[in-house]
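>>> Build me a model from this:
(chains A and B)
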Amino acid sequence: MMIGVPNLIYIRELSDGDETFVNEILQVIHDEFPKELVEYKSALNNQKFSEAAKLVHKLKHKFGVLNVKAGYQLAIEHEKALKNKSLIHVNEFEKYISSIEHFLMSNQSQEI
Amino acid sequence: MKCIIIDDETTARVIVKKLCTNHPELDVVASLESAIEGIKYLNQHEVDLIFLDMQMPNFNGMDFVQTLKFQTPIICITGDPNFAVDAFEYDNILAYILKPIDPKKFNAAIQKAISKKESNKESNVQADVEKEELSGNKFLYVNVDRRLIKIEMSSIDIIEAKGDYILIKTSSKNHTVHSTLRKIEEKLPGHLFLKVHRSFIINLQSIIDIEDNSVLINRDVIPISRSKKPELMERLNLL
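Residues are numbered from 1 along each chain as shown, chains lettered A, B, ... in the order given. Below you'll find the predicted structure:
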């Protein structure tokens, strides 16, 4: 399995076979991720760095839950950089955002 | 153990709640989106354990810890390891877990919380409130988070029952102790203290004013139960 591809390994580990829980978590991500992404892009476009950092903080948790560890670590750095008004990690972060978007759209996952 | 979850992230609240289901001792009584909601909830309810996110907007977890009136045990859950440096200055913070939560670390933290609660119960049975006479002065030793704190009895103004705890109010400081009014009443000099209500013991010498059904001690208005009023009046006449 490639590092950085969203998957349900972590969620399934937590679920202990409880599919209701798995569906609940996925529903929350489906509901929240698109809104947070729109707000994040708007904040970047308007150079509201502090606001963008807060949204990266929220988006970061989705990376963690979907087991995108490298994306999670990058989000930590990106959040700090934005607080210092730096856009150094924007492009890299965008790649991980796209992978989550693709995962949510297709609702596919890669599992071991 | 009644516990609450305070986290602005919905996924985090759902996950913590799920992990709690693996521990039958835990009863999640509230899941709250902000530290302010947490404060409001705790003003109305008592809990045994708090799961607290440290990074929340406007009023964060550390602000919450510093505002908390009681030493309720806390398990900190956050994505930022830097908070650990400040967190361990507080005795009631039992554990610090990074997100995404490792279930093994979560379970270990719960065991720590349960052990702490059990050891508090044991020290209560073993009398964590002890009396000592020293040079004519009378002192109480109370157990607060495994530290013995010495309190001069004459400095105690009010003792209030707060669920599984009592709040000892002195002229300089308040102490929250895992004990009962009944236990501490046994240790107090009877000529100085009186239980005036099922939730209050007062120092008779601290009374500033008396109304029909209450007494004023410093700025606290303490209710007097109807059954206790005759005894109070009789005792005051003897002072």
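>>> just for chain B, where's the confidence low?
Where chain B drops to pLDDT under 70, the residues are B:81-89, B:120-137, B:145-146, B:237-239.
>>> Contact partners for whichever residue of it sits closest to chain A?
Closest contact between chain B and chain A, by Cβ to the nearest Cβ, is at B:P100 (3.7 Å). Every residue, glycine included, has its C-beta placed from N, CA and C. Contacts for B:P100 (Cβ atoms under 8 Å, 6 or more residues apart in numbering or on different chains) come out as A:Y10, A:H61, A:G64, A:V65, A:Y72.
>>> What sits closest to A:R12 if chain neighbours are left out?
Using Cβ to Cβ, 6 or more residues apart in numbering or on different chains and skipping the chain neighbours, the partner closest in space to A:R12 is A:V22 (6.7 Å).
>>> Contacts only, for the residue lying farthest from the centre of chain A.
Most distant from the centre of chain A: A:G17, at 23.8 Å, with distances by Cα atoms, centre = their mean. Contact analysis of A:G17 by Cβ under 8 Å, 6+ apart lists nothing.
>>> Mind telling me what element A:L44 is part of?
When elements are assigned from DSSP states H and E, A:L44 belongs to helix A:19-45.
>>> Pull out the buried positions in that helix.
By 16 or more other Cβ atoms under 10 Å in any protein chain shown, the buried positions in helix A:19-45 come out as A:21-22, A:24-26, A:28-29, A:32-33, A:36-37, A:39-40, A:43-44.
>>> Can you name every helix or strand that the helix or strand just after it contacts?
Using DSSP H and E, the helix or strand that follows helix A:19-45 in sequence is helix A:49-65. If contacts are counted by 3 or more Cβ pairs under 8 Å, 6 or more residues apart in numbering or on different chains; DSSP states H and E, helix A:49-65 sits against helix A:9-15, helix A:19-45, helix A:69-83, helix A:90-106, helix B:10-20.
>>> if you average pLDDT over the second one, what comes out?
Helix A:19-45 comes out with an average pLDDT of 94.
>>> now the angle from that helix to helix A:49-65?
For helix A:19-45 against helix A:49-65, the angle by axes from the mean of the first three to the mean of the last three Cα atoms, to 10 degrees is 150 degrees.
>>> same thing with the fourth one?
With the same axes, to 10 degrees applied, the angle from helix A:90-106 to helix A:49-65 works out at 50 degrees.
>>> Give me the buried positions along helix A:90-106.
Under the neighbour-count criterion of 16+ other Cβ under 10 Å, helix A:90-106 has A:F93, A:Y96, A:I97, A:S99, A:I100, A:F103, A:L104 buried.
>>> can I assume the fourth one is in contact with A:P6?
Yes - with contact defined as Cβ atoms under 8 Å, A:S99 reaches A:P6; the gap is 6.0 Å.
>>> Let's verify A:L87: helix, strand, or coil?
coil (DSSP: H, G, I helix; E, B strand; the rest coil).
>>> What pLDDT is listed against it?
95.
>>> neighbours around the residue in chain A that chain B sits nearest to, how many?
Distance from chain B to each residue of chain A (Cβ to the nearest Cβ) is smallest for A:G64, at 3.7 Å. A:G64: 23 surrounding residues under other Cβ atoms under 10 Å in any protein chain shown.
>>> Grab the nearest non-local neighbour of it.
In space, and not counting its chain neighbours, A:G64 is closest to B:P100: 3.7 Å by Cβ to Cβ, 6+ apart.
>>> Three-state assignment for the one you found, please.
Strictly by three-state DSSP, B:P100 counts as coil.
>>> For stretch B:187-194, buried residues please.
In terms of neighbour count (16+ other Cβ under 10 Å), stretch B:187-194 has its buried residues at B:K187, B:L188, B:L192, B:F193, B:L194.
>>> need the contact list for A:A81.
A:A81 touches A:L87, A:I88, A:H89, counting by Cβ under 8 Å, 6+ apart.
>>> Would you write out the ChimeraX command that picks the buried residues out of the residues you listed?
The buried subset of those, as determined by 16+ other Cβ under 10 Å, is captured in ChimeraX by this line:
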select /A:89
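>>> Go through the contacts of A:A81 and name the one nearest B:I74.
A:H89 (32.1 Å; Cβ to Cβ).
>>> rewinding a little: most widely separated two among the buried residues of helix A:90-106?
Spatially, the most separated pair among the buried residues of helix A:90-106 is A:F93 and A:L104, at 16.6 Å (Cβ to Cβ).
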